[in-house]
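Peer 1: Pasted the sequence and its predicted model underneath.
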Amino acid sequence: MKHTVETVPAPLPPDDYFMMGDEASAEGAIAAGCNFFAGYPITPSSELMVRMVHRLKETNGSFIQMEDEIGSISALIGASWAGARPMTTTSGPGLSLMMEGIGYAAMTEAPLVVVDIQRAGPSTGQATRPGSGDIFQVRFGSHSDYEIIALSPWSVQEAYDLTIDAFNLAEAYRVPTFVLADESIGHLREKVTIGETVERWHRPTAPGMPPFDTDDENGVPPMPAFGQGERLLVTGSTHDARGFRKTQDSAAHQRLVGRLVGKIRNAAEKIARYETYSLEDAEILVVAYGFSARAALEAISELRRDGVKAGLFRPLTLWPFPEAGLKLAAKSVERVFVPEMNWGQVVREVERILHRDVVPITQVDGEGMRPQSIIDGVRGRAGMNS
Amino acid sequence: MSRQLYPHLRLDVFPTPYCTGCGHGILLGAMVRAMDEAGLDWDKTLFVSGIGCAAWIPSPHFNADTLHTTHGRPIAFATGARLANPGLNVVVVSGDGDLTAIGGNHLIHAARRNIRITVVCANNRVYGMTGGQVAPTTPEGCFTQTSPWGGEEPPFDLCRLVMGAGGAFVARHTVFQVRQLIKTLTRALTFDGFAFVEAVSPCPTHYGKLNDTPTLADFHNQMKGQYVDRRRYDRMNPEEQADKIPTGVWIKAADTITPPIDKGSSFIPPSSGLGSSSNPPSAGQGNSSNPPLRSRGGQRGGI
Amino acid sequence: MPRREILICGFGGQGVIFAGELLGRAGIRAGLETGQSASYGSEARGSACHAGVVLSSEPIGYPKVRRPDVVIAMSQAAYDRFASTVKPGGRVIFDSHLVKRGEIDDVEQIGVPAASLATRLGRKGVANVVMLTAAMEITGDVSMDALREALGEQSPEKYREMNLKAFDEGMAAAKAALE
């Protein structure tokens, strides 16, 4: 079923603000109508949580600091089913703990938003420094088959905008949605322009209709809340349209998991977003996301000054990945490079989509991606002077 | 059970899946009667459970909102639901392994916070659903699949654990003390704060058969002598107390109970599901002339 | 104004990050595009830290400092690490009370005794404000009105007056340093 759309005045007076990425994400959440936050402190996401404690007080929402990240994600799901628009924030190590809840949220189709401010890992790694190591964790971290949506902001403005989008997508598709930022954006301060109004999408509702199956082709059933007399049966076990456990029923399992996966895969090109820069005559394609795309934009303009025809493809959604857009962008380029603050994650997805060799440019030194790393990477591989 | 209570059950899913001699059916019945005694609105009551045999007591048997969660997390899920909608009565029903082993951290923190939820722990002292493994509640020396030579670890006393964590209302009965159990559950359901009820329940299939109590009657005979009313227990000397476990209700003195954390934060009208209030800007928020927003809290370095 | 990159460096507890945020805020106040980033350790005090500010009248692509036009060094360790990264023709402004300067080709170096001036004001914690104010008065990268306004805005109430005194002290120190 289709979500409903509401347009409200932006909670912050429309203007330009100077904010940190973490703070902008919190403001985006409030603008999106977030009214529940449960979290556990972790660098570099704590500033977001701290802002939420104040903002939810002002907006009459609910805030709780839980005993750990498993508790946080669990509280979010309880709140989501109680009718709230919930969010949490964390970083890699906390995200690992949240994975059991992410799987449950996907299985029970509970809308919620997780803002992951990625840091250098693995394990405790370097808490105050950036990385992009959670790309696969958000997508495949919980067991078995499910789909999620993940958005990747490259500026503080987008930390605000994409957090709003994350809430809307979570509600429209009844799916856990991630804002996959990193420390470089989370702790960056830039100008943020707040517009007059905010569009809020609300989960579809249809009293009395089954909440776990639909004939609607978008595959999204209506979602009632606890306390409305619907006598809901919500379970992480395989279930039928009304929520009765079907732990031995092959057809029920096939139908449920097929729909959970299908409702996102079938809408992938509708959800997917990307931007391109200087692609018209490009011979070199740089595919970059998040903070690395900021470095890539600088790098391609420098490369162009030196006569290298480079262009940029920037996915705003990492999951689902904008496959059609990427294929189009890569159609007539000679080489494709993927700079990342990890040892090569999105590069695998790009290779899978393009069926060709793609060159990873990895900068894993706990620093934000430098334009020079990309310039060096492109020159080294493209056989030009370095 | 009185037929008048049948509408509160999903009769089409009966009989329950419980083994012969399992105590969980008794607890199921006691819960329904206590809900009736307490006069709670079933449509405004959410039952949350984790994983394990006991988690199936409310889900799907109770004709109310039920949330059957991941293993160990029902209290955390319940915390979120209760904070998001304080108009809901939130009742957790789950087992000892779920609530006190994998979920032990959530239990003690919920007790510490004094969130207004009722937690009913069906304690059968073993992991039943997975075939009978040792639990943090298995008495020392008892045999299970994973303590084949007799358990060597001392068990939790769940009531003392929750009291130690600050639990305001703590109680224990065996399912054989069914009248007291119903009375206590009724009080717990209407208690204005965190309430914890341990219901000791026999598991003949996985616990009894390895420990010389293969039938319900065996459990009855054993528990009758072992579980004694707390007033009687308090009058015993330490030697007499050694193999006894007190039952009853322990409530903190009113002046030592902190107010429940979920009072007065209702942002969702209990009847409507969507919290779609438009969050009007609060006074003094930001300012309108190119106004770099003051970052609040978390300010690094005062000067 | 073309892109300008300013790096403020010192150790945790000196208010380096505060100074970075302040300069960024002043940039916004002055109508510039601004990016401000920081690097610090997990320790709240004592570890090396630096804040980078990029100011430009054009939209900013890469928001971090690549090669600074100005380095403001508040400790010897920071000076040793970052002074030489400044662009040819750039400036290094250092706390002459704490830093023993070296020789760097094609770079103008100016000392400001910020730590001792702050101590004289009765609060050594405001050395960051003295330092940044003096540096901006010297380089002219941001309008002093904007900086003062940003300082009033960003200062917690109880420190505002002291911070504004430190601002005045920084203005005077710049004039003295340039004489």
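Peer 2: Ah, there it is. Numbering: from 1, shown residues only, chains lettered A, B, ... in the order given.
Peer 1: which residues of the chain score low on pLDDT?
Peer 2: No chain was given, so I picked chain A. Within chain A, the segments meeting pLDDT under 70 span A:381-386.
Peer 1: switch to chain C, that's the one I care about
Peer 2: Where chain C drops to pLDDT under 70, the residues are C:44.
Peer 1: Tell me which residue is most central in it.
Peer 2: With distances taken as C-alpha atoms, centre = their mean, the residue of chain C nearest its centroid is C:Leu132 (3.6 Å).
Peer 1: Across the sheet, point out what pairs with whichever residue of the stretch 101-250 of chain A sits closest to chain C.
Peer 2: In the stretch 101-250 of chain A, no residue comes nearer to chain C than A:Arg189, which is 4.1 Å away by C-beta to the nearest C-beta. Heads up, the C-betas are built off the backbone N, CA and C, glycines and all. With DSSP bridges as the criterion, the beta-bridge partners of A:Arg189 are A:Met20, C:Gln36.
Peer 1: Could you measure from it over to B:Thr137?
Peer 2: As judged by C-beta to C-beta, to the nearest Å, A:Arg189 and B:Thr137 stand 52 Å apart.
Peer 1: between those two, which one's more packed in?
Peer 2: Shown here are A:Arg189 and B:Thr137; by other C-beta atoms under 10 Å in any protein chain shown, A:Arg189 has more neighbours (30 against 22).
Peer 1: Would you confirm that the more buried one contacts C:Gly24?
Peer 2: Yes - with contact defined as C-beta atoms under 8 Å, A:Arg189 counts as touching C:Gly24 (5.1 Å).
Peer 1: what touches both of these two?
Peer 2: Counting by C-beta atoms under 8 Å, 6 or more residues apart in numbering or on different chains, the residues touching both A:Arg189 and C:Gly24 are A:18, C:34-36.
Peer 1: Go through these and single out the one with the most neighbours.
Peer 2: Within those, most neighbours by other C-beta under 10 Å means C:Gln36, with 30 neighbours.
Peer 1: Do a quick rundown of the strands in chain C.
Peer 2: Assigned strands in chain C, in chain order: C:4-11, C:33-39, C:48-56, C:70-73, C:91-95, C:108-112 (criterion: DSSP state E).
Peer 1: Dump those into TSV; add distance to B:Thr186 as well.
Peer 2: TSV is the format used below for those (distance: least, C-beta to C-beta, whole Å):
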stretch	distance to B:Thr186
strand C:4-11	62
strand C:33-39	57
strand C:48-56	59
strand C:70-73	70
strand C:91-95	71
strand C:108-112	75
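Peer 1: most neighbours per residue, which of those?
Peer 2: strand C:70-73 (a mean of 29; mean count of other C-beta atoms under 10 Å in any protein chain shown).
Peer 1: Now tell me what touches it from outside.
Peer 2: Contacts of strand C:70-73 (C-beta under 8 Å, 6+ apart): C:4-10, C:19, C:79, C:82-83, C:85-86, C:90-95, C:99, C:131-132, C:135, C:139, C:141.
Peer 1: List the contacts of the closest residue to the residue nearest to the centre of chain C other than its chain neighbours.
Peer 2: Nearest residue to C:Leu132, sequence neighbours excluded (C-beta to C-beta, 6 or more residues apart in numbering or on different chains): C:Ala19, at 4.6 Å. Residues near C:Ala19 by C-beta under 8 Å, 6+ apart: C:8, C:51, C:72, C:128-129, C:131-132.
Peer 1: how about the strand or helix carrying A:Ile70: buried residues?
Peer 2: In the assignment (DSSP states H and E), A:Ile70 maps to helix A:69-81. Across helix A:69-81, burial judged by 16 or more other C-beta atoms under 10 Å in any protein chain shown covers A:69-81.
Peer 1: same question, stretch B:226-238
Peer 2: For stretch B:226-238, by 16+ other C-beta under 10 Å, it's B:227-228, B:230, B:233.
Peer 1: out of these, which are inside helices?
Peer 2: B:230, B:233 (DSSP state H).
Peer 1: Which two of the buried residues of stretch B:226-238 have the greatest separation?
Peer 2: Greatest spatial distance among these (C-beta to C-beta): B:Tyr227 and B:Arg230, at 10.1 Å.
Peer 1: shared neighbours of these two, anything?
Peer 2: Contact criterion C-beta under 8 Å, 6+ apart; residues shared by B:Tyr227 and B:Arg230: B:246-247.
Peer 1: and A:Arg370, what does it touch?
Peer 2: Applying C-beta under 8 Å, 6+ apart, the residues contacting A:Arg370 are A:295, A:363, C:66.
Peer 1: from those, which is closest to chain B?
Peer 2: Closest to chain B, out of all of the contacts of A:Arg370 and judged by C-beta to the nearest C-beta, is C:Arg66, at 24.1 Å.
Peer 1: wait, doesn't A:Val347 sit right on A:Pro360?
Peer 2: Yes - in this structure, A:Val347 is within contact of A:Pro360 by C-beta under 8 Å, at 4.2 Å.
Peer 1: quick one: contacts for C:Phe36?
Peer 2: That one is not Phe; residue C:36 is Gln. A:188-190, C:20-21, C:23-24, C:51-54, C:63.
Peer 1: Try it again at 7 Å.
Peer 2: For C:Gln36, the contacting residues are A:189, C:20-21, C:24, C:51-53, by C-beta atoms under 7 Å, 6 or more residues apart in numbering or on different chains.
Peer 1: Give me every residue in the stretch 151-300 of chain A that's in contact range of chain B.
Peer 2: A:202, A:224-229, A:231-237, A:244-245 (C-beta under 7 Å from any C-beta of the partner chain).
Peer 1: Alright, I will stop here.
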